[in-house]
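S.K.: mind looking at a prediction? Sequence and model below.
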Amino acid sequence: MIRDARVLRAGFVPQEVEHRDAEVNHLSSVLRPLTDGDPAETAIVTGPSGAGKTCISQFVTERLREEALDIEATYINCWRNYTRFRTLYQILDDIGRTIDIHRQSTPHDELIDRLQQYDGNRTVVILDEADQLEDTSVIYDLHSLPQFAVICITNNEEDLFGRVDDRLVSRLRASEHVRMDKYADEQLFDILSARVRCGLEEDVITDEQLYSIADAAAGDARLAIGILRTAASTADREAHGRITDEMLSDAATAARTQIRQKSLDSLTPHQRIVYDIIKDDGPVSPTGIYEEYVEEVEDPRTKRTVRTYLSKMSQYNLLVAEGTSRDRQYTLVTEATPSPTT
DNA sequence: AATCCACAGGAATGATAGGGGC
DNA sequence: GCCCCTATCATTCCTGTGGATT
């Protein structure tokens, strides 16, 4: 029933991108100078999650590499923990300059020097989720090196600009912007059916079912494909000839909880306790949370630290903060469960 | 209107862990 | 084993904000 599992995987870059011609052309034109060996501007790609930012960035760079021999590309996901050191390290690793670098005992400056001295091919560096960088100076580091072309991918450009220093902001504002929106349901449907054509046998899933996936995913292509993948693998495992509606709705909830679980697993015990307090007590004020927290643990951390936990968890989309100042309250992110119809 | 209070989050600092060089 | 490096986490101090209190 599964013909080609690759096309359903997260991170698969298709041969043809649906409904993103303008954005693809725009980004291509920014990177075009590279094919003549010239430096290219920094590009910023913004849009909500699952809008195809990562996909078109990789698609464009791959196509560029088909056209010109001497272009390298490296993809870095800055999501979580990506410090300046690790980012630089990974870039160097990808271009093969880490042979004699020791993971834990090399100064930053040494890494920068390596990059500066790099005299190999022009390289496209895709910084995915760049707004998640702990230390945005990496962008600055790269920006000033002509042999690297940078694509910064971010959900929200203000989040990114708010965290880089002023020198860079003005330069980034001047750089090329590719803005993307959520997919409409029909577009999502087209994307899904293209994947189904390559990935699944015939008649495994109906058009109506694809529409209901598109609807549940609310414009998020990554989520939509995730749902399709999970449902397909259930059907495959149970040796069912086709995907049932029940598998689909299970897959939809699974896809959501999976994302949440991943974030949850990365919490420290103390953070987890704070999370559970909010889960059990519903909307709580920061002081309420802290008092409860002090009750529950042996060696409580400071208030400031708990505040850091709270803002971290909101960033991970586990919590939402409502209200400002004194009436601020924290709640768990309400599970969005869009119903198939309506 | 002035003041107070709870809160958010930046910056600097310190403690601790772990890898490599010697 | 000691020294040097970085990472990571917590703490302390501090500034800014906005609603509440007087």
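M.R.: Thanks, I have the structure now. A quick note: this is a predicted structure, and the numbers were derived from the prediction, not measured.
S.K.: local confidence estimate at the residue lying closest to residue A:183 once chain neighbours are set aside?
M.R.: Closest residue to residue A:183 apart from its sequence neighbours, by C-beta to C-beta, 6 or more residues apart in numbering: residue A:219 at 5.0 Å. Placement of C-beta: from N, CA and C, glycine included. pLDDT for residue A:219: 87.
S.K.: before we move on, what about residue A:132?
M.R.: pLDDT for residue A:132: 69.
S.K.: ok, longest helix in chain A?
M.R.: Longest helix of chain A, by residue count under DSSP state H: helix A:245-265.
S.K.: does stretch A:147-164 reach DNA strand C?
M.R.: No - contact of stretch A:147-164 with DNA strand C (C-beta under 7 Å from any atom of the strand) is absent, the minimum separation being 13.8 Å.
S.K.: mean confidence for that stretch?
M.R.: Averaged across stretch A:147-164, pLDDT comes to 78.
S.K.: buried set for it?
M.R.: By 16 or more other C-beta atoms under 10 Å, the buried positions in stretch A:147-164 come out as A:147-155, A:157, A:160-161, A:163-164.
S.K.: do the same with stretch A:294-310
M.R.: For stretch A:294-310, the neighbour count (16+ other C-beta under 10 Å) marks A:301, A:306, A:309-310 as buried.
S.K.: tell me the gap between that stretch and the middle of its chain.
M.R.: 29 Å (C-alpha atoms, centre = their mean, to the nearest Å).
S.K.: what residues does it touch?
M.R.: Stretch A:294-310 has contacts (C-beta atoms under 8 Å, 6 or more residues apart in numbering) with A:270-271, A:273-274, A:277, A:286, A:289-290, A:293, A:319, A:321, A:330.
S.K.: can you give me the neighbour number for the residue in the stretch 1-150 of chain A that DNA strand C sits nearest to?
M.R.: Evaluated by C-beta to the nearest atom of the strand, the stretch 1-150 of chain A has residue A:85 as its residue closest to DNA strand C, separated by 2.2 Å. For residue A:85, the neighbour count with other C-beta atoms under 10 Å is 17.
S.K.: ok, residue A:207 next?
M.R.: By other C-beta under 10 Å, the residues close to residue A:207 number 11.
S.K.: same deal with residue A:86?
M.R.: Neighbours of residue A:86 (other C-beta under 10 Å): 17.
S.K.: now swap in residue A:242 and tell me
M.R.: Per other C-beta under 10 Å, the neighbour tally for residue A:242 reads 14.
S.K.: tell me where the stretch 151-300 of chain A has helices.
M.R.: A:157-161, A:166-174, A:185-199, A:207-217, A:221-237, A:245-265, A:269-281, A:286-296 (DSSP state H, counting those that start in this stretch).
S.K.: list the buried ones in the helix or strand containing residue A:65?
M.R.: Per DSSP states H and E: residue A:65 is located in helix A:53-67. By neighbour count on 16+ other C-beta under 10 Å, the buried set for helix A:53-67 is A:53-61, A:64-65.
S.K.: next: stretch A:252-264.
M.R.: Quick answer for stretch A:252-264 (16+ other C-beta under 10 Å): A:252, A:254-256, A:259, A:263.
S.K.: same thing with stretch A:310-320?
M.R.: By neighbour count on 16+ other C-beta under 10 Å, the buried set for stretch A:310-320 is A:310, A:312-313, A:316, A:318-319.
S.K.: and it with DNA strand C, contact?
M.R.: No - using C-beta under 7 Å from any atom of the strand, stretch A:310-320 never reaches DNA strand C; the gap is at least 8.9 Å.
S.K.: dump the residue contacts of residue A:55.
M.R.: A:13-14, A:17, A:20, A:221.
S.K.: among the residues you listed, which ones are buried?
M.R.: The neighbour count (16+ other C-beta under 10 Å) marks A:13, A:17, A:20, A:221 as buried among the contacts of residue A:55.
S.K.: from the residues you listed, which land in helices?
M.R.: Among those, the members falling in helices (DSSP H) are residue A:221.
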